[in-house]
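# Next one to model:
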Amino acid sequence: PQGLWPGEASVLIWGMDAPTARAWGEEWQQNAVLWCGADAVPRLLWLR
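Numbers count the residues shown, from 1 in each chain. Predicted coordinates:
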């Protein structure tokens, strides 16, 4: 409501392709992962 919520642990992994990022996110029971390819355009990959 006030725009504040607790921080969350995160990970940055260079060179991971989208299918591997999806598999990694599913392994860690994530709802989605944020992935960037060589074009540096961020993409939200929904997993659920």
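# In this protein, what residue spans correspond to strands?
With DSSP state E as the criterion, the chain has strands at 32-36, 42-46.
# what about the first one, distance to the chain center?
How far strand 32-36 lies from its chain's middle: 3 Å, per C-alpha atoms, centre = their mean, to the nearest Å.
# Please apply the same query to the last one.
For strand 42-46, the separation from the chain centroid amounts to 7 Å (computed by C-alpha atoms, centre = their mean).
# Number the chain from 15, please
Done: numbering now begins at 15, and the last item shifts to strand 56-60.
# Need the residues that contact it.
Outside strand 56-60, the residues within contact range by C-beta atoms under 8 Å, 6 or more residues apart in numbering are A32, A35, R36, G39, N45, A46, V47, L48, W49, C50, G51. To be clear about C-beta, it is placed using only N, CA and C from the backbone, and glycine gets the same treatment.
# which of those count as buried?
Buried residues within these, counting neighbours by 16 or more other C-beta atoms under 10 Å: A35, R36, G39, V47, W49.
# Next up, the contacts around the third one.
Each residue near G39 by C-beta under 8 Å, 6+ apart is listed here: A46, V47, L59, L61.
# Per-residue pLDDT of it, please?
Predicted confidence (pLDDT) for G39: 95.
# now the first one
Per-residue confidence (pLDDT) for A35: 97.
# residue contacts, it?
I27, V47, W49, L59.
# Can I get these in TSV including pLDDT and distance to G21?
Putting those into TSV (pLDDT from 0 to 100; distance: C-beta to C-beta, whole Å) gives the following:
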residue	pLDDT	distance to G21
I27	91	19
V47	95	18
W49	96	21
L59	97	22
